[in-house]
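[1] From the sequence below, what's the structure:
(chains A, B, C, D and E)
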Amino acid sequence: MDIATIIGIVGSAVLILGSILLGSSLGAFINLPGLLIVVGGTIMATLIMQKMPVVMGAAKVAMNAIFDKMEAPDNIIKQIVSLAGKARKGGVLALENETIENDFLARGVRMAVDGIDPQEIINTLRIETDSLLLRHETGHKVFKFMGATAPAMGMIGTLIGLVQMLQTLSDPSAIGPSMAVALLTTFYGAVMAFVIFNPIAEKLEDRTKNEEMLLEIIINGIDGIARGTNQMILEDKLISYLSPKHRKKEE
Amino acid sequence: MDIATIIGIVGSAVLILGSILLGSSLGAFINLPGLLIVVGGTIMATLIMQKMPVVMGAAKVAMNAIFDKMEAPDNIIKQIVSLAGKARKGGVLALENETIENDFLARGVRMAVDGIDPQEIINTLRIETDSLLLRHETGHKVFKFMGATAPAMGMIGTLIGLVQMLQTLSDPSAIGPSMAVALLTTFYGAVMAFVIFNPIAEKLEDRTKNEEMLLEIIINGIDGIARGTNQMILEDKLISYLSPKHRKKEE
Amino acid sequence: MDIATIIGIVGSAVLILGSILLGSSLGAFINLPGLLIVVGGTIMATLIMQKMPVVMGAAKVAMNAIFDKMEAPDNIIKQIVSLAGKARKGGVLALENETIENDFLARGVRMAVDGIDPQEIINTLRIETDSLLLRHETGHKVFKFMGATAPAMGMIGTLIGLVQMLQTLSDPSAIGPSMAVALLTTFYGAVMAFVIFNPIAEKLEDRTKNEEMLLEIIINGIDGIARGTNQMILEDKLISYLSPKHRKKEE
Amino acid sequence: MDIATIIGIVGSAVLILGSILLGSSLGAFINLPGLLIVVGGTIMATLIMQKMPVVMGAAKVAMNAIFDKMEAPDNIIKQIVSLAGKARKGGVLALENETIENDFLARGVRMAVDGIDPQEIINTLRIETDSLLLRHETGHKVFKFMGATAPAMGMIGTLIGLVQMLQTLSDPSAIGPSMAVALLTTFYGAVMAFVIFNPIAEKLEDRTKNEEMLLEIIINGIDGIARGTNQMILEDKLISYLSPKHRKKEE
Amino acid sequence: MDIATIIGIVGSAVLILGSILLGSSLGAFINLPGLLIVVGGTIMATLIMQKMPVVMGAAKVAMNAIFDKMEAPDNIIKQIVSLAGKARKGGVLALENETIENDFLARGVRMAVDGIDPQEIINTLRIETDSLLLRHETGHKVFKFMGATAPAMGMIGTLIGLVQMLQTLSDPSAIGPSMAVALLTTFYGAVMAFVIFNPIAEKLEDRTKNEEMLLEIIINGIDGIARGTNQMILEDKLISYLSPKHRKKEE
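    Sure, this is the predicted structure:
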């Protein structure tokens, strides 16, 4: 579980609530119809933009991004190097009964064991990489869209409030509170976009980049295994993906 | 028909109307000249930007995106694998009398049957893919343009109202209602852009990406058929385009 | 002549003028110094950004985009296929006395007749395509720049008006009309950008994409002619550039 | 010297000054502390962003862009074609004592004379092109950054003025003039960005594109000279970089 | 240490503080809760977006960008050319005991000494380059995100203040000071974004580009060394990366 995300969400909430409570009661910032138009409107616009299962899936993707640990690249490299060593000693067929946890690596090894041409294996794995990235990009785009739509819904809510307030300008003492309520939807939209949707969209994009690197490592590793590359040379190549700091642990 | 889009459009309308009716009558939000300048102005600016048939076509494209189901990639793969099996047994000529529903796949198979060089078939199909994507991008751009233009037209309408109000500032009691009317066009522009044009533009872009993947699958499939690839290996390659979840159904 | 552009420009003018006349006289919206700073300022900033002949050329390019019909791709394809047929029968030299209207196609055919190596012809034509696209992109960028500068000039004009109004706040009855005049430049800038410059910039970009496709068709056609490709196969390849609807007319 | 840029800068100044003087004295628009925070703040932020010599260099680059004439592509082509003619007659060694003004062309010819492999010459010249473009892009980015920072500094100045004005709201007659002064920094920032930095940034970008084309012409020319291409064919290829209008002058 | 960055940060602080002190005491611009929500909120949103060690690392990266001098490309070139000279005389094995400070260059030379195939060395070094750039891009994105989030947090703080002020509009004399306090968070957000985060983000991006060039030089150098290229030709190629001004010093 990614502790930073939890700290960030809890911390933001504490800061915003604290900031409110310093100057007024929390009640002054709660407006159910306003909350409904911003949250509901953002969800509705997202449903127009994407198929139902994709929107549902996006929530799951976000949860994964927050709670799942990505496999460490150095572990994968260790495993690939060990597989490459066995393959050089006993041929790729020696890998037939290896238990490999990572699905993508396992699939590549199985293809090598089946005797499929290395170039063809790479082509197939690259298709799999591309379509995985496309699926992830879809999830990332849903959050980016929500981050752009929430403030707009906030503005629409505020415009509704302003128009209604301006049409009944006769009672000057009501202007302040009406205006305050009208501004609440802008506030909701900004908080949703900048505290929730945008950071998560960035997180998903960053995670996709890291996943892409992991898949690149595996593709290069499978290529080495299938071609029977010397395991020392293969390790030397694969650790180039790591930062020098992580690399030292390796050796 | 894509139920999510319908839910999204109806839901947005209900939320916005509900939000209005909580505070005033709907009549306060209806201003025909304002509606005319925002809707009409957006359409006019779009006509400057694009040829008439393209703008007309864009509406049709949007309808398709909402109401048409795209062919499922797993069905296409199933069909390609079955064609590849027949081609391996009886040669590509055995595919001469196959009924193939998908136009793009049908064209590729016909070229293979005609004995055209596989590389040349791929080149031709890739041209077709590129020009299809170009046509779709045009439709997508029309909606993106409308999404950027509608709020601007709203602002132009509000500026007209503000200037007129400010010039006759003598009667203070008229300020509020005049200002309210002036803000309505901004409201119309925001609703049109963020509830209709932008989500549809995103939907069209997403759909184009999925269609591109479908065409990539078919191109790879035709290549396999024309080269007489083993159907098991071909299937293994093509299902890489699917998410693992959809893949399981396949096997 | 592109009727849609004319309809769009006239229609926008009617809508905006109508919208003004519903609430006040047109005179209230005419402010010559304001018009001068927005129109003049935009032109001056554009002169800083680009050489004189390019800015002058941009106006001509815009006129072309509005009044010139682009050659229909299906006519070009028909012509190429017919040339390919003659070249296959009588050799490329048979094309020596053909009258070819399209300059780009004519140049390619002449090079083929001169016996220049097909690959070298393609290289030369591709250079020509790239430099044509670069020139068009320059025109497109001028309009995009004007679309971004006009609202800024409008804002500068409004700021000047606001500062002057605020410094002489003693007479409250003058606030309204002064403010109205100050807002006029923002209005001018918005109308110029969103009704004229931005749509034309988009139109030029779209036109460039279509022209690029036309040149791609011709390059592929010249390649086929120079290599003596069968005219049926060549046609099959070239019509892939057309939408299926236009393709049917072809056969 | 690029007359358009001078006209643009002088013209903008005249328009803005004229617009001010129509409504008030110029003095009302001069506020030294405000000018200091916008101009100084923009320069300081730019120093954070870039090393001292790069910022200093950027001013020189801008001056070059305004006052230096770029070499005309048609002259360079004429020169290359003449060199190619001599090289075909007397071998590349015949070019040993040619005086070539353009540094880039001179370097390529010297390498050809030294008998370096044509492909290696191209590689070296392409590195030089890329690093030249990188250096130019740096200058362009400095101006783009200044164009984005100046309005922000204007806003910061206005916020400072607003906060100070609001804290001493007791004297209503002082509100107007204080507000006017506060708005001046926004005015300065907008003028600096939209009349100076942004147009120059665009000019530099455009110039870089033209320079890139010039270098492409020279690289293609050197390639032709080193390989001993026929000078007619080489000219035919190189004039493809020119617009048809300029090409006619050539023949 | 990069003196320009220090001048920029100190200079900005002096300008902003001076601008404040001209009109009021500094105390009027200090609001601890406001500072907390902008600074704290930006950090919290960043923690949602990125893993803890990456955010911590970003601060270190920024310090490096400010205080570390990058290796001068001309020194690296001098060293590579000298190594290439020795390798030509005594074979690559002669480089075995050379002390090379730059890690990247040292690694490449070691691989060449180990007799690894030049193409394979290049592949490995390119992987290392790509993963280094990916890590740097992550740092750059953290600052860009903070530059976009800080003004949003400022706006959220201002909205909270506005809503609270509007709800207690009964005492008109309190409006000014309350509004002033509400605007402070917008001020904080703008200063943080435009004086700190954005310039540093740009600096990191620029630095990455320069580092990429340095790595390109080394990769080309290693390639030359491993292939035994003549050191004069290699130098001629590598100095193409330098601006002509720096090149002269070289010779």
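[2] which ones are touching A:Thr149?
    When the contact criterion is Cβ atoms under 8 Å, 6 or more residues apart in numbering or on different chains, the partners of A:Thr149 are A:41-42, A:45-46, B:194, B:198-199. For glycine as for every other residue, the C-beta is placed from the backbone atoms N, C-alpha and C.
[3] In helices, which of these appear?
    Judged by DSSP state H, helices contain the following of those: A:41-42, A:45-46, B:198-199.
[4] where does the stretch 51-200 of chain A have low pLDDT?
    Residue ranges of the stretch 51-200 of chain A with pLDDT under 70: A:68, A:169-170, A:172.
[5] Tell me the residues of it that contact chain B?
    With Cβ under 8 Å from any Cβ of the partner chain as the criterion, the stretch 51-200 of chain A meets chain B at residues A:51-52, A:55, A:103, A:111, A:116, A:120, A:123-125, A:127-128, A:131-132, A:134-135, A:138, A:141, A:145, A:148-149, A:152-153, A:155-157, A:159-170.
[6] Buried ones among those residues?
    Buried by 16 or more other Cβ atoms under 10 Å in any protein chain shown: A:51, A:55, A:111, A:116, A:124-125, A:127-128, A:131-132, A:135, A:138, A:141, A:145, A:148-149, A:152-153, A:155-157, A:159-169, out of these.
[7] which parts of the stretch 51-200 of chain A sit against chain E?
    For the stretch 51-200 of chain A, the residues found near chain E under the criterion Cβ under 8 Å from any Cβ are A:173, A:175-177, A:179-180, A:183-184, A:186-187, A:190-191, A:193-196, A:198-200.
[8] among those, which are in reach of chain D?
    Among these, proximity to chain D is found for none (Cβ under 8 Å from any Cβ).
[9] Write the ChimeraX selection for whichever of those are buried.
    Those of those that count as buried under 16+ other Cβ under 10 Å are selected in ChimeraX with:
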select /A:175,176,177,179,180,183,184,186,187,190,191,193,194,195,196,198,199,200
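[10] Next one: A:Gly221 from B:Tyr188, what distance?
    Between A:Gly221 and B:Tyr188 the computed distance is 57 Å (Cβ to Cβ, to the nearest Å).
[11] Let me know the closest of the ones in helices among the contacts of A:Thr149 to chain D.
    Distances from chain D to those, taken as Cβ to the nearest Cβ, are shortest for B:Asn198 (24.6 Å).
[12] which residues touch that closest one?
    With contacts defined as Cβ under 8 Å, 6+ apart, B:Asn198 is in contact with A:45, A:49, A:148-149, B:143-144, B:147.
[13] Reformat these as TSV; add distance to C:Ile66.
    TSV is the format used below for the contacts of B:Asn198 (distance: Cβ to Cβ, whole Å):
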residue	distance to C:Ile66
A:Ala45	35
A:Met49	34
A:Ala148	33
A:Thr149	35
B:Phe143	23
B:Lys144	22
B:Gly147	24
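[14] Narrow the residues you listed to those in helices?
    Judged by DSSP H, helices contain the following of those: A:45, A:49, A:148-149, B:143-144, B:147.
[15] Among the residues you listed, which one lies nearest to D:Phe67?
    For the ones in helices among the contacts of B:Asn198, the residue nearest D:Phe67 by Cβ to Cβ is B:Lys144; the value is 40.2 Å.
[16] How about the closest one: what's its closest non-neighbour residue?
    The shortest distance from B:Lys144 to any residue that is not its chain neighbour, by Cβ to Cβ, 6 or more residues apart in numbering or on different chains, is 4.4 Å, and that residue is B:Ala201.
[17] In terms of helices and strands, where is the one you found?
    In this structure, B:Ala201 is located in helix B:198-226 according to DSSP states H and E.
[18] That helix: how far from the chain's middle?
    Taking Cα atoms, centre = their mean, to the nearest Å, the mean C-alpha location of helix B:198-226 is offset from the chain mean by 12 Å.
[19] same question, stretch A:120-133
    Counting by Cα atoms, centre = their mean, stretch A:120-133 comes out at 20 Å from the chain centroid.
[20] swap in stretch A:152-164?
    31 Å.
[21] hmm, who's touching that stretch?
    Counting by Cβ under 8 Å, 6+ apart, the neighbours of stretch A:152-164 from elsewhere in the structure are A:34, A:37-38, A:41-42, A:45, A:178-179, A:181-190, A:192, B:16, B:19-20, B:23-24, B:28-29, B:180, B:183-184, B:186-187, B:190-191, B:193-194.
[22] Pull out the buried positions in the helix holding B:Ala201.
    Residues of helix B:198-226 classed as buried by neighbour count (16+ other Cβ under 10 Å): B:198-209, B:211-226.
[23] next helix or strand past that helix?
    Per DSSP H and E, the first helix or strand lying C-terminal to helix B:198-226 is helix B:231-238.
[24] what angle separates that next one from helix B:198-226?
    Between the direction of helix B:231-238 and that of helix B:198-226, the angle (axes from the mean of the first three to the mean of the last three Cα atoms, to 10 degrees) works out to 160 degrees.
[25] I'd like the distance between the residue of the stretch 51-200 of chain A found nearest chain D and E:Thr185.
    Residue nearest to chain D within the stretch 51-200 of chain A (Cβ to the nearest Cβ): A:Gly176, separated by 16.1 Å. Distance from A:Gly176 to E:Thr185, counting by Cβ to Cβ: 20 Å.
[26] same thing with A:Ile219?
    If you measure A:Ile219 against E:Thr185 using Cβ to Cβ, the figure is 48 Å.
[27] With A:Ser240 instead?
    Between A:Ser240 and E:Thr185 the distance is 45 Å, computed by Cβ to Cβ.
[28] more neighbours, these two?
    Of the pair A:Ser240 and E:Thr185, E:Thr185 is the one with more neighbours under other Cβ atoms under 10 Å in any protein chain shown, namely 29 against 22.
[29] ok, for the more buried one, nearest residue in space, not its chain neighbours?
    With Cβ to Cβ, 6+ apart, the residue lying closest to E:Thr185 is E:Gly157, at 2.8 Å.
[30] With A:Met192 instead?
    Counting by Cβ to Cβ, 6+ apart, the nearest residue to A:Met192 once its immediate chain neighbours are dropped is A:Ala150, at 4.2 Å.
[31] For the stretch 1-150 of chain A, which segments are assigned as strands?
    For the stretch 1-150 of chain A, none of the segments meets the definition of strands by DSSP state E, counting those that start in this stretch.
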